[in-house]
Structures are given as structure tokens and as C-alpha cells.
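>>> take this sequence and fold it.
(chains A and B, ligands or ions: 2)
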Amino acid sequence: MTDKSSGPMLAADGTPLKRSLSRALRMQKVRALLLIAPLLLFVVLTFLAPIADMLFRSVENQIVSETLPKATLELADWDGDGLPSDAVYEATFFDLFAAAERKLHTRLGTRLNYEETGMSSLFRRTGRKLDDFGDVYLDQFKKVDRAWSKAAPWAEMMSDPDWLAGQEALGRGDAGPPFVLRAGMETLLPRTSDAYQTFARAMQEEDDNPADEKPWATVHIALAEDLATQDVSTYTGPGKDRLQATAALVGSADFETLDYTAMFLDINDNWGDTDVWRTIKLYSPAYTSGYFLNAVDMQLTPDGPEWRDEREQIYGLLFKRTLYMSLVITLSCIMLGYPVAWLLANLPTRQSNLLMILVLLPFWTSLLVRTSAWKVMLQQQGVVNDVLVWLSIVPDDARLALINNQTGTIIAMTHILLPFMILPMYSVMQTIPPTYLRAAKSLGATNWTAFWRVYFPQSVPGIGAGSILVFILAIGYYITPAIVGGTSGTFISNRIAYHISSSGNWGLGAALGALLLAAVLILYWAYDRIVGIDNVKLGG
Amino acid sequence: MNNDQGAFLAENSQSDAFVEFERVQKSYDGETLVVKDLNLKMPRGEFLTMLGPSGSGKTTCLMMLAGFETATYGDIRLDGRPINNIPPHKRGIGMVFQNYALFPHMTVAENLSFPLEVRKMGKSDREAKVKRALEMVQMGQFGGRRPSQLSGGQQQRIALARALVFEAELVLMDEPLGALDKQLREHMQFEIKRIADNLGITVVYVTHDQTEALTMSDRVAVFDDGRIQQLAPPDELYEAPQNSFVAQFIGENNTLDGIVTEMLSDRCIVRLDDGSLIDAKPVNVTSVGEKTRVSIRPERVETRIDRLGEGAHTIKAEVMEFIYMGDIFRTRLKVAGNEDFIIKTRNAPDQVRLEPGRQIEIGWLPADCRALDAT
Ligand SMILES: Nc1ncnc2c1ncn2[C@@H]1O[C@H](COP(=O)(O)OP(=O)(O)OP(=O)(O)O)[C@@H](O)[C@H]1O
Ligand SMILES: [Mg+2]
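Ligands and ions are numbered 1, 2, ... in the order given. Sure thing, here's the model as predicted:
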């Protein structure tokens, strides 16, 4: 190596030492990675992915702009004062009609109902009545040619001949290849093309052949509008006579046109309510902070976020209660668990093994059984009350309410989480040699001082680990508060469960979950800053 | 002494012994006695070492004195007053533990200040005393460190300083140097001895390193089987062991087994297993016909008989092995059937090196040849 002392170090085969080292290490890393791959995959699929999905759902809001694409575009120009323009009503008509045909309007109604009550029924009713109003045009067209009310003439006129030929060969219930518009139609009848395409696509989504289906009223309306503005004299395709005759009718003075605003107000008075339109406009962006604002008792208004009415503020209270009760549970676990952990660590092996089995015993019983047992113990006619009455500590007519309230939740959860406090404390205490206590006593400390100044500080890491464990478990606990908590002893997680499984408001549930996650992370961070996470020991 | 222990120690000093064990017995399990019959009197200011093999009950004695174990039978007195019923924290005895037991969550200064705090001493007094104690062990600048940031030797000094800072008159040390390497250990032995002498404290020191015991102590108590086998100053212990166990345990020792054939006033005649007769000083043999084991220190055996004075005893020997050790020569001989007879000779200019196989004549003074019990 003397002649190459300035260059990089080389391995025996002449490759640079660094490279051959990293190649050797890579094999080890790959092997290590393969070993943990199943777990990694499992964690990513079942844990990280759902969390990411939850975080995404808490802000995702594409349903409005997807269901009402045209209306949200038109609403962008509306200043929020008075009623929106007729164009907005028209766009809404087209969007809602298409949505109603595909039964999507009720979903949107449910979504908007979270923000403004009454939206759900408004959308449901409107969807039912839209059909009746669209027929104004068809009725007039039929006077020119009854063919307008049939499927085939429309299909011949609007679709590409080759595509149509292909469709004729299909059997029932076969949608065929995607609809193709006749060449030139786009410029000749733009709105009609748009409406017919929307219709055709919706039909094909339901595995129907558009060529066999009567077009929606939206197509008729679009045609009437097109004929009022477009020159169709150049058209030479199928049904050209019919089209030109109809154009003449539309041009004539006695052709009856539709007033969308009036129509919507006729369907339901609420369409004349500015708040309805404001809500739609507010929630038209694809992403919204609305769920999070709801989760902290605020709401989105055109003037920015605002506090909800006092009477509607529930989540702040629930969060506070969850934190407070988790804290109480953690503290009671410390108080009850510390002496037990101390005994476990200091008794002779035989006795401490027996005690350890007793500590672990609850783990061998189902959580539901344990919680239900508390119901039996704590109810008004339950064991605890009976004993207290028998001992004449409480009078028979004033039995204590120990269940279906905060007391019940605290008692049951302290019991259930106690092992999670004892075990980390025990494993830390086990590593504290008894000579420290002896040393302290030989230096003149009383039993109490020796414990408090010497033993206790060294057991703090165990208390820390146990507290973090118990607190984090408690803050997200669900089953026990649901069973013994009544109304005053439920946690935020019970509310999350309600939104996920009953109300269907997943976005709000996700936002509440995300806030809970954030709260835990902040607490963890604070703990790290104050106590230091290195000081947390789960074992030797 | 400005604490209450001092007061009680001072008022009851009619007995001359400062620490006294009287017929003390100890059993942990109720079946075997770990300490069988312990009698010990220590004057104030003495440095006493308990030396003995593992399991001989040294720590147990120390713990009884400190108050962490109770004696099953017998009395322990401190300055004339029985302390059996006084809890450890009221005994005012300083203690250095084998693994130091420095409180890991406190700094060095806090560790030292702890015994003063529990005695409710004022802050300025405390600081002055802590400073003085740290300087005494030459650790003045380490007050702010944590024990885990110190080397083993430094921790040892702090443990010592902590046991001394509250001015205990009696300090117990249980193998305080066990975890240190040889060089550091020798240095610390010197240091502990110096400090103990300066302060005039009474020390009970436990070790199973005999060199440590011999170099440091005023007196050594050799423990075996729950009893003190001999309690004597180091030189007496080495040169005049009272029984075979002590002779074997302390230093190197040659033994020859035989039977007492004649008892004279200051010496006895022993017939060895091969029939040869030697003179020996009777120590714990009393009658003719008794089995005995004579003990001779290797360095008291001369290869050049002319150097010994009148009355020397000589015997034939065969050289088995010669080991060169620098400052001394170590020669293994076969004497009266015993092939493990060691002699040590100084590497002097006129000293000859003995080749194996050579027949020589060795000799010793009868006073150095002690007839002890045969075990
Ligand atoms: N807490 C205890 N419970 C039961 N037996 C014990 C206890 N402590 C010590 N013993 C027993 O008492 C005997 C003496 O122990 P001790 O610790 O006093 O010995 P030692 O002389 O200090 O030994 P070493 O040099 O190894 O420290 C041993 O046989 C030991 O097994
Ligand atoms: Mg010991």
C-alpha cells in the first residue's frame, strides 16, 4: 500500500475498501429486512394505512364538487348576498337531475345536513320532483314530432354511427363500449351534447344501453337552449327535418320556456334561503377544515370560523372530560399500583411469584366479562351498595350511584388498567438494589426519608412509563366507558364510535380521532421535554 | 460530635471497650448458625480488620453492628451501651458498601450533603463540611458530577467521604476495595489508613485479601466457620499463628504432619511421618502421642546452615523444582515425604541456584517451627 498511500484504501481484490464494506453490509441489511418484512407489511397495511386514511378523511370533501360540478363553478361568482343568479339555479338543476337519476343526491344531502339541518330532506324532496318540471319542453317538442319522446331517434341523431351499429348487436343488460358522440355535434349542439353524454355515461354505469333508453329531461332542456342560440340549418344527419322544425318552434313567440329560479322555489321554499346556498358554496372546495372546526365546537361561516352556540358545544367538554378522567385514572393507578409493585420487587421469590400471578390474572379474563362484573358490583342493588347498607354506612333509601356515571368509569377503568401500571413499575424497582436503602439509613435517614429521598426518585422512571402507558390507553378507551359510563362518564372515543357506526359522519369521526392522536403526541412530547423519554424504562 | 449519637456515646463510657460483641450468635434460617460465638472488644480509635474465607460470616457481623440484622443471641455494645434495639439510622455509624451505594440520582455533593441534611444541619455548615470532606479525599473539583461519571476509584473515595462527612466515630467498610485493580487498591489502602489515623476514628474493615489486612490493620480478626480463629496484630498473626487454619490462611506456609513424642518445657519433639524427629515450639499441643501439624514459613528456612545460630534444627532435603522470580528464588523441596515444601531465598550476590535432583541440607530455628493442631 505504500505507493498508493494518497488514494482510497483498497480491499484485497483491488476494489475500494468502502465499497466492498458496504457491499458486505448490504447483504446483512437485506437479510435483516427480510426477517422483519412480514411484520412491517402487517403494520403498514393494518395500522399506518388506516391512520393515513383517517387523517385524509378528516379534511376530504370532494362529494360536493363531484355531485354538483356545474353549480359549484357558477357559485364561485356569487357574492353570497341575496339569491344567486338564474344561471346557478340552472346549473343546479342539471347537476341535481343527473345526481337524482344516479341516486347520488341523497348522499350529498346527508353530507350537507351535518353542516345545516334540513339539507337532507331538501335534497330528497327536490330529487323526487325534478322530473315533473323537465317535461315542459318535451311536451312542446312532441307537438312537432312524437319521435322526441322515444329513445332511438335521439340515439341516431346524437351518437357516432359506428358506435350505434355496434350497440344494436348487443343483448339486453349489456352497456357496450363507451358512448361516442357524432362528429360535429359538439359545435352544433354543445349543451345537448354535454347533457346527452352525461346521460349516456350514467346509463352505461348501470349496465344499460343508452341507445335503448329515453333521454332525461335535461337533454330536452339543453336542446331547447341550443336551438334558441345555435344555427342548425347546416345539419344533414338523421332527423334533420325534425330538428329544423323544432328549431322553428323554439324561435316562435309562443314557445314556453322554464324559469329555473321559480321552479326551484316552487319545489321547495328553502331554495330561496340564502343560507342553503351559502352552505353549498362554503363546502364546495375539495378539502375543508369544516370537520376539524366541528370537532372543536366551531363552524365554518362565510366570515371565517366561528364558535358554535353554547348549547351545541359538546366536543370541548368531552375532550376535557376525557383528559381529566384519564388523569384521575392514571393517578389512582399510581396510588394503588405503587405498593403492589414494591411488594413484587421486594418479597421473597415464592411469594412475589404468587402475587405476580394475581396481578396478571385479570388478563386471562375477557375485558367484557370484567366490565360487566363491575356492573353487578356497583349498581344500586349491587354488591357494594348492599354491603354498605348492611354495615349501615349508607341508608337504604339513599344508595350510592356508582355506575352509569363518572365514578363507575373511573372505578372500572382503574381496575382494568392497573396491571399496565404495576408491570413497568415493578421492572424498574427490581433493578434498584436494596443497599441504597441501607446506605441511606446508615447515613441517618429514617425509613420514610430513605424511601422518599433515595428509593422513590429512582423508581420515578417506572412511574413515568406506567403513567404514559395507562394514560394513553385510557384516553382512547371505548368499551368500558360505553358499558358503565352512562352519559356523564363517556369518553371522546364513544363519540367517535357513534359517528363512525351510527351517524355515518366519518369525516367528523376522523377529525376527532386526529385531534385525539395529536393530543397524545403533544403529551408525549411534553413528557419528553419535562422528564426525558430516556428516563422511561419498561425493564432492566 | 454535634449530634445526639455523640451525646449518648459520651455519657456511657465506663467500659473501656468502644465496640463490644459478647457471645453473639446469628442464624438466618433457624437451622444453621452463621455466627457461632463471637466475642470481640475494640478500643476507641482502633483499625480492626475481619479477614476470612467467603461465607465465614464477616458481612453478617458487620450488618449486625450496623443494625440491618439482629443478633439471634448475645449482646452488641457500642461505647458500653447495648444497641440491639436501636434502629440503624440512630446508631450514627458510617458505612462504606462494597458496591459503594452512591445514590445515582444525586450529584457527588448532594450525596455527601445527604447525611447532614437528615441531621437538619444549616446550609452553610453543610457546604463547608462537604467541601472539607471532598478535599480530604482529594476530590474537591468533582462535587457537581454524578456518580456514574466517576471512575471506580473516584467513586470509592466519594463513598468513603460520605461515610466520614457526618463525623461518625465508628466506620464500617465491607470490602470497599474489592472492585478496584491491584495498583489502585494499594494506593487506596494507604489513603484509607492515613485518613483513619488523622481523624482518629474507629474502623471495622472487612476483606478477604490478606495483604490488605496485614498492611492496614492494628489488629486482624481471622474468621472461619462463624468463629474468630485468632485476633491479633498483623505481625503476631503472621509469625505466631494460633492454629493450622490461621497459619494456612495467612501467608505461605509449609506443613509437616507428625506425632508428638516428647513434651519439654519450651519445646516438643515431633516424629514426622517418615520417622525423622524434629524440634518444634508447642502452640496448641499439650500431651505426648497427640497428632500435630508443624508449620514453618518458607523464608525462615535456611539452605546455609552456618548462618543459623546455636540450636538450629537441620534436615535433609531433595530439590524438586527451582523457580526464578526476580527478587527472590523459590525452590520446591521434598522434605520428610512432603513434596510441596517451599523455601524462599533472597537473590543475594552469593546465593547459589539449586538444580533439581540435588541433595541438600536445610535448617531452621526451633522457635520458627510451630507445632499446631492437626485438622
Ligand atoms: N440474608 C441472608 N439469608 C440467609 N442466609 C444468609 C443471608 N446472608 C448471608 N447468609 C448466609 O450466611 C453465611 C455468611 O454470609 P456472609 O455474607 O456473612 O459471609 P461473608 O463472610 O461476608 O462472605 P464474603 O466474603 O463472600 O462476603 C453464608 O453461608 C450465607 O449463605
Ligand atoms: Mg461479605
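
>>> residue ranges for the strands of the stretch 401-540 of chain A, please.
Ranges of strands in the stretch 401-540 of chain A, per DSSP state E, counting those that start in this stretch: none exist.

>>> any regions of it where pLDDT drops low?
A:533-540 (pLDDT under 70).

>>> so which bits of the helix or strand harbouring B:Glu236 are buried?
In the assignment (DSSP states H and E), B:Glu236 maps to helix B:234-239. Using 16 or more other CB atoms under 10 Å in any protein chain shown as the test for burial, helix B:234-239 gives B:234, B:237-238. No exception for glycine: its C-beta is placed from N, CA and C like everyone else's.

>>> how about stretch A:85-104?
A:87-101, A:104.

>>> coming back round to it: can you tell me what sits against the helix holding B:Glu236?
B:213-215, B:217, B:219-220, B:222, B:230, B:246, B:250-251, B:297 (CB atoms under 8 Å, 6 or more residues apart in numbering or on different chains).

>>> for that helix, the averaged confidence score.
Average pLDDT, helix B:234-239: 91.

>>> please save the CA atoms from it in CSV.
Once non-C-alpha atoms are left out, helix B:234-239 reads as follows in CSV (Å, rounded to 0.1, in the frame of the first residue of the first chain):
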residue,chain,number,x,y,z
PRO,B,234,-0.6,-8.4,61.9
ASP,B,235,3.0,-9.4,62.9
GLU,B,236,1.8,-11.7,65.7
LEU,B,237,-0.7,-13.2,63.4
TYR,B,238,1.9,-13.9,60.8
GLU,B,239,4.6,-15.1,63.0
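
>>> just give me the closest of the buried residues of stretch A:85-104 to ligand 1.
Lowest distance from ligand 1 to the buried residues of stretch A:85-104 (CB to the nearest ligand atom) belongs to A:Leu104, with 79.2 Å.

>>> wait, isn't that closest one in contact with A:Leu68?
No: counting by CB atoms under 8 Å, A:Leu104 stays clear of A:Leu68, with 9.9 Å between them.

>>> helix, strand or coil for B:Met173?
Judged by DSSP: H, G, I helix; E, B strand; the rest coil, the three-state class of B:Met173 is strand.

>>> neighbours around the residue of the stretch 201-350 of chain B found nearest chain A, how many?
Closest approach between the stretch 201-350 of chain B and chain A, counting by CB to the nearest CB: B:Val204, at 12.9 Å. As a burial measure, B:Val204 scores 25 neighbours (other CB atoms under 10 Å in any protein chain shown).

>>> mind checking the SS state of it?
Classified using three-state DSSP, B:Val204 is strand.

>>> and it, how far from ligand 1?
Using CB to the nearest ligand atom, to the nearest Å, B:Val204 is found at 13 Å from ligand 1.

>>> what of B:Val220?
14 Å.

>>> can I assume that residue is in contact with B:Gln229?
No: B:Val220 is beyond contact range of B:Gln229, at 10.4 Å (criterion: CB under 8 Å).

>>> ok, the two, which is more surrounded?
B:Val220 (30 against 20).

>>> pull the contacting residues for that one.
B:48-51, B:213-214, B:230-234, B:237.
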